[in-house]
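> heads up, no residue letters with this:
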């Protein structure tokens, strides 16, 4: 990094760390949840590395050990666990024992609690099956209009939310004789500006999507789910980069309904359908992070790369020359609180090559180790105290 760029980055980090994000949208949030939000806003140029299902399974293994100890592809490669653990509760509304990828919900509770006890951060997404006919998330049907308040199947949505509440209320641990509710960054109804999920653009109107989001937040708050931080996450591939702010806010329910300004970005990180050059994609990756953090600062919110990565990590030196180079390009890009890459699919339970984090046999494992040694990259062993 050039000296001038370094000085600008340092000054930018200082100005960001001196900014206090507005309070959580839930004034009744637990002390630990409030502390987490404040500390996410106060990371400066440090960025938490996250990995979906990181403790649940990896490319070559499944589950935790008989003694309850944890496994992780990331830890196998670096000796360090990811700072952010991602889970998905798709299937919980059906009363299933396991989520859509085969993880037991009881095991998820274990991983979430262990992540918290290590000082790490937890985030939960929800690939929701339709409460109307139990079709998976990728249905091309307009269910939303029948689920919002006043609609015929609204009570079915409530029952699904109740199933999540029942799970969420098990996420409590005893620390020094005190029961503590694990804070969760909750990310429902994600990538809504795309057309691949039934709650997405093309299958529902913007007004109905906003009604769905508002009801979800209001209902969970009403039911006393005071450990939740609400993250909003459209997909980068459907954003207009010439009018980022307006495009980003399609379906945005308002500042009183969102805590984290996030987005999911696979598009600029080598998505197979993206025909732009790597250099063009990288420039847009940087621009997107700058625009995202500017918008978050404007709103007094925390920003994050809520989901992303490159399937199969095909490009040599992806971690240092694409991922880290974009995140730490300048003072704005490094304002994001965390960056979560998607899961490492277990090869016995699906196609090979569907992985986004490092694992020991991965050709870019060594490059991931180099990335992990970046002093601004945060793993669970160098994470600041997030709950005080």
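Noted; the coordinates are in hand. Since we're looking at a predicted model, the values are computed, not measured.
> so residue 86 is in which element?
When elements are assigned from DSSP states H and E, residue 86 belongs to strand 84-88.
> and the helix or strand following that strand, what does it pack onto?
Counting by DSSP H and E, the element after strand 84-88 in chain order, helix or strand, is helix 105-117. The contact analysis (3 or more Cβ pairs under 8 Å, 6 or more residues apart in numbering; DSSP states H and E) places helix 105-117 against strand 84-88, strand 121-125, helix 154-168, strand 172-175. The C-beta positions use only the backbone N, C-alpha and C, and glycine is treated the same way.
> residues touching residue 216, list them.
Going by Cβ atoms under 8 Å, 6 or more residues apart in numbering, residue 216 touches 161, 188-189.
> swap in residue 97?
Counting by Cβ under 8 Å, 6+ apart, residue 97 makes contact with 104-106.
> go again using 10 Å as the cut-off
91, 103-107 (Cβ atoms under 10 Å, 6 or more residues apart in numbering).
> got it, and residue 277?
residue 283.
> can you tell me which of the contacts of residue 97 is closest to residue 268?
Closest approach to residue 268 among these (Cβ to Cβ): residue 103, at 28.7 Å.
> let me know the pLDDT of the closest one.
Here the pLDDT value assigned to residue 103 is 98.
> so it is in contact with residue 54, correct?
No - with contacts counted by Cβ atoms under 10 Å, residue 103 stays clear of residue 54, the gap being 11.6 Å.
> more crowded one of the two?
A count of neighbours by other Cβ atoms under 10 Å puts residue 54 above the other of residue 103 and residue 54, at 30 against 24.
> doesn't the more buried one belong to a strand?
No - counting by DSSP: H, G, I helix; E, B strand; the rest coil, residue 54 is not found in a strand; it is coil.
> and the residue nearest the centre of the chain, what is it in contact with?
Note on the chain: the residue nearest the mean C-alpha position is residue 306, at 3.4 Å, using Cα atoms, centre = their mean. Applying Cβ under 10 Å, 6+ apart to residue 306 gives the contacts 50, 84, 86, 123, 125, 185, 187, 190-191, 231-234, 260-265, 336, 338-340.
> strands - which of those residues land there?
The strands, defined by DSSP state E, take in 50, 84, 86, 123, 125, 185, 187, 231-232, 260-265, 338-340 from the contacts of residue 306.
> now the angle from the host helix or strand of residue 214 to helix 154-168?
Using DSSP H and E, the element containing residue 214 is helix 206-222. Angle of helix 206-222 versus helix 154-168, following axes from the mean of the first three to the mean of the last three Cα atoms, to 10 degrees, is 40 degrees.
> helices along the stretch 251-388 of the chain, start to end?
278-299, 318, 325-327, 365-372 (DSSP state H, counting those that start in this stretch).
> direction included, what does the strand holding residue 86 pair up with?
Strand 84-88 has its sheet partners listed here by DSSP bridges as strand 47-52 (parallel), strand 121-125 (parallel).
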